[in-house]
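Visitor: Generate coordinates for the sequence data below:
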Amino acid sequence: QVQLQESGPGLVKPSQTLSLTCTVFGGSITTRSYYWSWIRQPPGKGLEWMGAISDSATTYYSPSLKSRTSISRDTSKNQFTLQLTSVTPEDTAVYYCARGVGSSHGPADYWGQGTQVTVAS
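Guide: As a prediction, the model looks like this:
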């Protein structure tokens, strides 16, 4: 059974960088054909795919967020990390990590529980 767990600060100030880590249990982030994604849901809105990192560390980003987003990984810890720079209150959302199958936009079969991030001074 694969489990994903997000961690990071719940409050970030405007213009700062949001950093979240997803720790994966029960499966390796280097296993072929899986893509490790970040997805967020702002209050009252739908899910937004932000980006993903593949089993071979290739990264994929949403065009609308590409200039501010970076996804990396630490295979020794079986973790992958999201960094979002220059945040504004519009980046307030519940942030999820998930495992996608087959492609960067493939269906996610496992999700973290989500972590609330609020951008406010």
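Visitor: Show me what residue 39 is bridged to.
Guide: residue 49, residue 96 (DSSP bridges).
Visitor: now it: how far from residue 76?
Guide: Remark: distance between residue 39 and residue 76 (C-beta to C-beta, to the nearest Å) = 25 Å. The C-beta positions use only the backbone N, C-alpha and C, and glycine is treated the same way.
Visitor: what about those two, which has more around it?
Guide: Legend: neighbour count by other C-beta atoms under 10 Å for residue 39 and residue 76, higher for residue 39 (22 against 6).
Visitor: pretty sure that one is touching residue 94, no?
Guide: No - Residue 39 is beyond contact range of residue 94, at 9.3 Å (criterion: C-beta atoms under 8 Å).
Visitor: Give the residues shared as contacts by these two.
Guide: Residues touching both residue 39 and residue 94 by C-beta atoms under 8 Å, 6 or more residues apart in numbering: none at all.
Visitor: quick one: contacts for the residue most central in space within the chain?
Guide: By C-alpha atoms, centre = their mean, the mean C-alpha position of the chain lies nearest to residue 38, the distance being 2.4 Å. By C-beta under 8 Å, 6+ apart, the contact set of residue 38 is 20, 22, 49, 50, 51, 52, 71, 82, 95, 96, 97, 98.
Visitor: Can you tell me which of those is closest to residue 58?
Guide: residue 52 (8.9 Å; C-beta to C-beta).
Visitor: tell me which element residue 22 is part of?
Guide: strand 18-25 (DSSP states H and E).
Visitor: so what secondary structure elements neighbour that strand?
Guide: Where contact means 3 or more C-beta pairs under 8 Å, 6 or more residues apart in numbering; DSSP states H and E, strand 18-25 is packed against strand 3-7, strand 34-41, strand 79-84, strand 93-101, strand 115-119.
Visitor: now it: mean pLDDT?
Guide: For strand 18-25, mean pLDDT is 98.
Visitor: That one relative to strand 115-119, how many degrees between them?
Guide: Put simply, strand 18-25 runs at 170 degrees to strand 115-119, going by axes from the mean of the first three to the mean of the last three C-alpha atoms, to 10 degrees.
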